[in-house]
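Engineer: Attaching a predicted model along with its sequence, questions to come.
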Amino acid sequence: MKFHLLKLFLNEFKKRKKKTSLITFAIAWGTLSLLLMMSFGRGLSNQFRIGFQGLGEDLILVNGGRTSMEYQGLPKGRTIRLYISDIDLIRGLIPEIKRICPESYNTGEIKYKDQETNRNVRGVYADFGPMRNTIAQAGGRFINPDDVTYSRRVVFLGWKLAEELFKEKNPIDEEIYINRMPFKVIGVMMKKLQNSNYQGLDYDHVYIPLSTMALVDSQKYIDMMHIQPVERKYSRYVETRVKEILGEKYRFDKEDKYALSVFNTIEAGEIAGKVFMGIEIFLGLIGGLTLLIAAVGVTNLMYAVVKERTREIGVKMALGAKRRHIVWQFLLEALFIFLKGTFWGALIAFNIVSLVRLAPMSYEMTSIQSYLLRPDFSTGILVTFVVVMGILVFFSGIFPALRASKMNPVDALRYE
Amino acid sequence: MIDMRNLKKVYKTGTIEFEALKGVFLKIERGEFLSLMGPSGSGKSTLMNIIGCLDTPTGGSYYLEGRDVSGLTFDQLSEVRNQKVGFVFQSFNLLPYATTYENVELPMLYNGKKAAERKERVGELLNMVGLYDWRKHRPTELSGGQQQRVAIARALAMDPPILLADEPTGNLDSKSGEEILNLFTSLWKAGRTILMVTHDTKIAAYSQRTVHILDGKMEADI
């Protein structure tokens, strides 16, 4: 197509703006809804993944339980408890473990000056920090190995509790009392999104070295064992080995599902990942169908346009237009409607997504905002969209265009 | 200029055949002003369409300027229409979205003429039909007579040897019609070949020769 004919087309297209505005709007609307659905779907699963990592990355959480099977003459219904010594035993026997950390928790009375509250007190090792994504805000630190070795009376605070107790004040180096024992604050937790937990969310708790737990709590056994395999692929193997080793030590069947309570976040994460991929595919499908309707709209409009302009096609043929001139005219019209509609739809979608992302983040687990306020407008989505839409429009434009070009000039001129 | 021998056109609708032209012999010399007359259904529209290369005959031969055009493809016929024939229609058939200027320019766009050449030619033609001051107006802003003058300017854009006019005054009042016919007369005097379809003998009187068609056959020249 030569340049001057393109100019002729543009000229006509510009003057026919009103006639094509409705379908341009439909395309823009289709674009907008598809992009928004995909962005929010992607954002939802991103946020879920981030929230899932709030509990910790690739963790196997092991707790004691109650046997449900008879074993070596022992009855069922025995309580199984875990002890600190199990940590070294397991670490020594399973080289596929990267980190392992015990945890003991109980409710304690927290006092700062004249404020008093009851919170979960958790005795942990230094490894708890990186394993559970429990990171200190600037100016503070998490519990370190020396704190555990020397049984230091130091405490790390969940951010929400810190806000409650200290308001605007810097809590670092302040003294708080846990069950009437003084502890020095060494750090405050950085905010994080967390959507799975046991014993409540991390932001409400206080953390002390496990070795000092005896000062505030008389419990001898531990409540939880955190295990992180070297690589994800070992997660199931490590879980089986832990059951075998502990089963031998405490004499329970390794197949007994209730002797230990195990939460494997890797497996749970994989399942959740599939659920969210399903949601994304579902949203994409709905968007795709919306788009298909828009494309059918373009086809329909193009057929109507061809019909409406039949006489004009006849005149152009009489004046020397060749078949390809007519084909290009209608194909270009479909293309331009598509470009215009997609441009506006994408622009509006992009702005909506950017605006929504400006909204402040809520770190409350129950708040829906934390999942809806971080839509993700990835270029991948846009590129896929443009390609799919381009194909749809080409096919919806080519058939009316071919029909127009195959018209008999005599019939076209006679058309009323 | 135009030489038709035993020209036939048969329309087929399913099994039914209709013979619109039953062997037409017609010769038009360069510089003639010819009227074609005939009642409805006589085949005069079919004949006009074939002369204008909008349609192809099913039998016989048609030589336009010494070239047999009966067996050409669509795009080849498009070129012939573009370069050899100027169409003037009863209902003007100007493009509604285009200005006077753009309408006249259109045939040259399909031919790929240079911008400067187009501009000069459009100016020349619009001056000739007296509508240069209306070059930026759309067809809907012009009177019927003015629209037909634009259509004539457009028909002449590629300087075709023959001008085909199908009832050119059919949609006009008598005064505008007279203006159009006077324009044709002056074009003829300047050497252009003109073929005009009409059913009005008064209008046919402007031409130099009149031929009649009846039931798909030519009657003797009058």
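Structural biologist: It's in. Numbers count the residues shown, from 1 in each chain, chains lettered A, B, ... in the order given.

Engineer: Which stretches in the stretch 1-150 of chain A count as helices?
Structural biologist: A:3-15, A:17-55, A:84-93, A:128-131, A:145-149 (DSSP state H, counting those that start in this stretch).

Engineer: try chain B
Structural biologist: B:44-51, B:74-84, B:100-111, B:115-128, B:144-155, B:174-189, B:201-204 (DSSP state H).

Engineer: Export these to CSV and append columns for distance to chain A.
Structural biologist: Using the backbone N, CA and C atoms, a C-beta is placed for each residue, glycine as well. Output for these, formatted as CSV (distance: least, C-beta to the nearest C-beta, whole Å):
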stretch, distance to chain A
helix B:44-51, 5
helix B:74-84, 3
helix B:100-111, 4
helix B:115-128, 7
helix B:144-155, 7
helix B:174-189, 18
helix B:201-204, 21
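
Engineer: Select, out of those helices, the one closest to residue A:193.
Structural biologist: With C-beta to C-beta as the criterion, residue A:193 lies closest to helix B:100-111 of the helices of chain B, at 61.3 Å.

Engineer: Tell me which residues of the closest one come out buried.
Structural biologist: B:100-110 (16 or more other C-beta atoms under 10 Å in any protein chain shown).

Engineer: In three-state terms, label the residue in the stretch 301-416 of chain A positioned nearest to chain B for me.
Structural biologist: Distance from chain B to each residue of the stretch 301-416 of chain A (C-beta to the nearest C-beta) is smallest for residue A:320, at 2.5 Å. Under the three-state scheme (DSSP: H, G, I helix; E, B strand; the rest coil), the conformation of residue A:320 reads as coil.

Engineer: Quick one: neighbours of it, just the number.
Structural biologist: For residue A:320, the tally of surrounding residues (other C-beta atoms under 10 Å in any protein chain shown) stands at 26.

Engineer: thinking it is in contact with residue B:85, fair?
Structural biologist: No: counting by C-beta atoms under 8 Å, residue A:320 sits too far from residue B:85 to count as a contact (9.1 Å).

Engineer: which residues of the stretch 301-416 of chain A fall in helices?
Structural biologist: So, for the stretch 301-416 of chain A - with DSSP H, counting those that start in this stretch - the helices run A:310-318, A:323-358, A:369-372, A:379-405, A:409-414.

Engineer: neighbouring contacts of the first one?
Structural biologist: Outside of helix A:310-318, the residues within contact range by C-beta atoms under 8 Å, 6 or more residues apart in numbering or on different chains are A:306, A:321, A:325-326, A:404, A:407, A:409-416, B:52, B:54, B:78, B:81, B:87, B:89, B:93, B:95-96, B:106, B:110.

Engineer: Select only the buried ones of those residues in ChimeraX?
Structural biologist: To isolate the buried ones among the contacts of helix A:310-318 in ChimeraX, judged by 16+ other C-beta under 10 Å, type:
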select /A:306,321,325,326,404,407,409,410,412,413 /B:52,54,78,81,87,89,93,95,106,110
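
Engineer: ok, back up a step: what sits against the closest residue in space to the residue of the stretch 301-416 of chain A closest to chain B that isn't next to it in sequence?
Structural biologist: If the residues on either side of it in the chain are set aside, residue A:320 comes closest to residue B:82, at 2.5 Å by C-beta to C-beta, 6 or more residues apart in numbering or on different chains. The neighbours of residue B:82, taking C-beta under 8 Å, 6+ apart as the test, are A:319-320, B:107, B:110-111, B:158.

Engineer: Residue A:187: which of the residues you listed is nearest?
Structural biologist: Distances from residue A:187 to the contacts of residue B:82, taken by C-beta to C-beta, are shortest for residue B:110, at 79.2 Å.

Engineer: What residues does the residue minimising distance to the centre of chain A make contact with?
Structural biologist: Residue closest to the average C-alpha location in chain A (C-alpha atoms, centre = their mean): residue A:46, at 1.8 Å. Residue A:46 makes contacts with A:374, A:376, as judged by C-beta under 8 Å, 6+ apart.

Engineer: Please apply the same query to residue A:19.
Structural biologist: Residues near residue A:19 by C-beta under 8 Å, 6+ apart: residue A:305.

Engineer: how many neighbours does the residue in the stretch 1-150 of chain A positioned nearest to chain B have?
Structural biologist: Residue of the stretch 1-150 of chain A nearest chain B, by C-beta to the nearest C-beta: residue A:15 (4.1 Å). By other C-beta under 10 Å, 16 other residues sit near residue A:15.

Engineer: just to revisit the earlier point, same list (the buried residues of helix B:100-111) but as CSV, adding pLDDT.
Structural biologist: Converted to CSV, the buried residues of helix B:100-111 look like this (pLDDT from 0 to 100):
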residue, pLDDT
B:100, 93
B:101, 93
B:102, 91
B:103, 92
B:104, 93
B:105, 92
B:106, 91
B:107, 92
B:108, 92
B:109, 89
B:110, 89
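
Engineer: Among the residues you listed, which one sits closest to residue B:35?
Structural biologist: residue B:107 (24.8 Å).

Engineer: from memory that closest one sits against residue A:320, does it?
Structural biologist: Yes: at 5.4 Å, residue B:107 counts as touching residue A:320 under the criterion of C-beta under 8 Å.

Engineer: can you list residues touching both of these two?
Structural biologist: B:82, B:158.

Engineer: Show me the contact partners of stretch A:132-140.
Structural biologist: A:53-57, A:59, A:128-129, A:142, A:156, A:159, A:170, A:172, A:185-190, A:192, A:202, A:207, A:226.

Engineer: Contact partners for whichever residue of the stretch 151-300 of chain A sits closest to chain B?
Structural biologist: Closest residue of the stretch 151-300 of chain A to chain B, C-beta to the nearest C-beta: residue A:298 (20.1 Å). Residue A:298 makes contact with A:23, A:27, A:334, A:337-338, A:392-393, A:396-397 under the criterion C-beta under 8 Å, 6+ apart.

Engineer: Tell me which of the contacts of stretch A:132-140 fall in strands.
Structural biologist: Secondary structure from DSSP state E places A:156, A:185-188, A:207, A:226 of the contacts of stretch A:132-140 in strands.

Engineer: Can you pick out the most distant pair from those residues?
Structural biologist: Farthest pair in the ones in strands among the contacts of stretch A:132-140, by C-beta to C-beta: A:185 and A:226, 23.4 Å.

Engineer: Show me what the worst-scoring helix or strand of chain A on mean pLDDT is packed up against.
Structural biologist: Sorting the helices and strands of chain A by mean pLDDT, DSSP states H and E puts helix A:369-372 at the bottom, at a mean of 72. Here helix A:369-372 touches helix A:17-55, going by 3 or more C-beta pairs under 8 Å, 6 or more residues apart in numbering or on different chains; DSSP states H and E.

Engineer: and the helix it packs on, which residues are buried?
Structural biologist: A:20, A:23-55.

Engineer: List the contacts of the residue nearest to residue A:329 when sequence neighbours are not counted.
Structural biologist: Leaving aside its chain neighbours, residue A:329 sits nearest to residue A:9 (5.7 Å; criterion: C-beta to C-beta, 6+ apart). Applying C-beta under 8 Å, 6+ apart to residue A:9 gives the contacts A:328-329, A:332-333.

Engineer: Now with 10 Å, please.
Structural biologist: Taking C-beta atoms under 10 Å, 6 or more residues apart in numbering or on different chains, we find residue A:9 in contact with A:1, A:325, A:328-333, A:336.

Engineer: Could you give me the ChimeraX syntax to select whichever of the residues you listed are buried?
Structural biologist: Here is the ChimeraX command that picks out the buried ones among the contacts of residue A:9, judged by 16+ other C-beta under 10 Å:
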select /A:325,328,329,330,331,332,333,336
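
Engineer: Among the contacts of residue A:9, give me the pair with the biggest separation.
Structural biologist: Within the contacts of residue A:9, A:325 and A:336 form the most distant pair, 16.3 Å apart (C-beta to C-beta).

Engineer: got any ranges where chain B has weak pLDDT?
Structural biologist: B:220-222 (pLDDT under 70).

Engineer: if we can go back for a sec, sort out which of the contacts of residue A:298 are buried, if you could.
Structural biologist: Among those, those scoring as buried are A:23, A:27, A:334, A:337-338, A:392-393, A:396-397 (criterion: 16+ other C-beta under 10 Å).
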